[in-house]
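[1] Sequence plus predicted model, see below.
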Amino acid sequence: MLPRNYVPPVVSILPRLARVEPRMEELCKKENKRVANVFEDLVGIAFEMLGYEVLKLGQGRGRRPDGIAFSRQDRYAIIYDAKSTKHEYELKWHSRQFVDYIQREKPMLMRQGMGLVFFAVVSGDFVEHQEREIKRIKRDSGVNALILLPADSLLLLIRKRLQDPYFSLGREGLLELLMDSGVLSRELIEDFFSK
């Protein structure tokens, strides 16, 4: 059977890295790399594949987020942090750190004309019912929305972009999905693109 998968191989392992699967640990170890660093790099590549301009900030640059994805034409940016873990990710593990990231980066983004600033945590799975922590981080940081982005949802977005010549990062496209805080599930994405 001919291949039907639109997801490029380089990012196809994102969900497995996000969940720190033993095979991914083995492969990374053979190349003297940490799973967390490989995951972080590939999340940046995934945002580039979606059409964003990406500024990578993590890995040895002090207390900074892993990167920022810009949609300059649509005047918004996504500050993102990639968290690989064998367990469901819980915001409270790093909430203070996330508020600091947003407070540090948001003024610069606003000066660059970004009218909207989002924060995304990319991981494998998320603990359910984190609404209170999401509200607290939004309140304390002033970010427009906080998105919990499962790695498999990120791959689905890439697939949608590659399949749809009219895929947009703007108001009629991905920006609309980003406006609501919480988990950006595969179901939400499929529902949005079926309209």
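    Now that the structure is in, tell me what you want to look at.
[2] Tell me how far the closest residue to residue 90 other than its chain neighbours lies from residue 106.
    Residue nearest to residue 90 in three dimensions, not counting chain neighbours: residue 127, with 4.4 Å by Cβ to Cβ, 6 or more residues apart in numbering. For glycine as for every other residue, the C-beta is placed from the backbone atoms N, C-alpha and C. Noted for residue 127: a distance of 26 Å to residue 106, by Cβ to Cβ, to the nearest Å.
[3] now swap in residue 156 and tell me
    28 Å.
[4] What of residue 10?
    In terms of Cβ to Cβ, residue 10 sits 30 Å off from residue 106.
[5] between the two, which one's more packed in?
    residue 106 (19 against 12; other Cβ atoms under 10 Å).
[6] Just the pLDDT at the more buried one, thanks.
    We have a pLDDT of 97 for residue 106.
[7] any weak-confidence spans in this protein?
    Applying pLDDT under 70 to the chain flags the ranges 1-3, 60-62.
[8] Which residue ranges of it form helices?
    9-12, 14-18, 22-30, 35-50, 95-111, 131-141, 151-163, 174-178, 186-193 (DSSP state H).
[9] Let me have the ones you listed in CSV, extended by distance to residue 88.
    Formatted as CSV, the helices of the chain follow (distance: least, Cβ to Cβ, whole Å):
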stretch, distance to residue 88
helix 9-12, 22
helix 14-18, 11
helix 22-30, 17
helix 35-50, 16
helix 95-111, 15
helix 131-141, 13
helix 151-163, 13
helix 174-178, 22
helix 186-193, 16
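[10] Go through those and pick out the most buried.
    Greatest average neighbour count among these goes to helix 14-18 (a mean of 24), per mean count of other Cβ atoms under 10 Å.
[11] can you give me how far that helix is from the chain middle?
    12 Å (Cα atoms, centre = their mean, to the nearest Å).
[12] Show the secondary-structure elements that that helix is packed against.
    The helices and strands touching helix 14-18, judged by 3 or more Cβ pairs under 8 Å, 6 or more residues apart in numbering; DSSP states H and E, are helix 22-30, helix 35-50, helix 151-163.
[13] Could you check how far residue 79 is from residue 107?
    Taking Cβ to Cβ, one finds residue 79 at 12 Å from residue 107.
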